[in-house]
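Asker: sequence and predicted structure, then a few things I'm wondering about:
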Amino acid sequence: MAGNGIWIVSSRGGIARQLSTFGAHPSWSPDGTRIAFQSQRTTDLNAGGSFGATSTIWIADADGRTPPAPVTQPGQPAGAHGMPAWWPGSRHIVFAVNGLAGVSARPTLWTIDTQGGAPVQLSADRMVSAEFAIAPDGRGIYFSASGTHAIWWLPVSDPARPAGAEPLAAQVKA
């Protein structure tokens with residue numbers, strides 16, 4: 001919230017090390033070598049947070065040897081990019097896009113290959129929200145459905161080639 005960027009500190013304590021002078025919502029890569037984050041700081045304490053109209057997704061090496069680099073570009077896709085999360089065991093990042101006024105007020109979910117390529121839309125369904133979590137086995141995404149108090153499921157077999165998956169109400173087994 002203070003806008004002081006992305007920092008790392010050992011789980012055993014010690015001196016914190018700054019990776020970036022800007023950004024929020026950091027997410028560790030599956031191999032622990034990189035951190036993805038949104039460029040704009042969080043402006044509220046909601047779980048989905050808000051990320052200013054110019055927010056994009058960036059990556060920093062956890063060792064701090066190279067400066068952070070952008071993964072997404074403004075306007076590609078249109079809207080603010082935030083809430084990055086790494087797809088398990090891959091080089092893909094899933095992120096939310098909050099539509100700009102006049103474009104689409106609803107959030108959409110996108111993925112991008114961190115080694116290049118254009119963003120790919122996972123879902124623009126009206127139920128999708130910016131509050132999501134990728135299943136640990138990488139078979140899909142859980143999200144807090146817009147306008148409800150329910151958790152929904154978006155099956156995704158391959159983040160690089162989503163096949164028009166439709167979200168479903170999550171089935172809870174007792």
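Answerer: Ah, there it is. Residues are numbered from 1 along each chain as shown.

Asker: residues near the nearest residue to residue 141 once chain neighbours are set aside, how many?
Answerer: Spatial nearest neighbour of residue 141, excluding adjacent residues (C-beta to C-beta, 6 or more residues apart in numbering): residue 154 at 4.5 Å. All C-beta spots, glycine's among them, are computed from the backbone N, C-alpha and C. Neighbours of residue 154 under the rule other C-beta atoms under 10 Å: 24.

Asker: residue 155 too?
Answerer: When counting by other C-beta under 10 Å, one arrives at 14 neighbours for residue 155.

Asker: also residue 146?
Answerer: Neighbour count of residue 146, defined by other C-beta under 10 Å: 15.

Asker: now it. Nearest residue, chain neighbours left out?
Answerer: By the measure of C-beta to C-beta, 6+ apart, the closest residue to residue 146 outside its immediate chain neighbours is residue 129, 4.7 Å from it.

Asker: quick one, what contacts residue 37?
Answerer: 6, 20, 23-27, 57-60, 68, 84 (C-beta atoms under 8 Å, 6 or more residues apart in numbering).

Asker: just to revisit the earlier point, I'd say the residue nearest to residue 141 and residue 167 touch.
Answerer: Yes. Counting by C-beta atoms under 8 Å, residue 154 touches residue 167, with 4.6 Å between them.

Asker: residues near the residue lying closest to residue 111 once chain neighbours are set aside, how many?
Answerer: Nearest residue to residue 111 in three dimensions, chain neighbours excluded: residue 159, at 4.4 Å (C-beta to C-beta, 6+ apart). Burial measure for residue 159: 23 neighbouring residues, criterion other C-beta under 10 Å.
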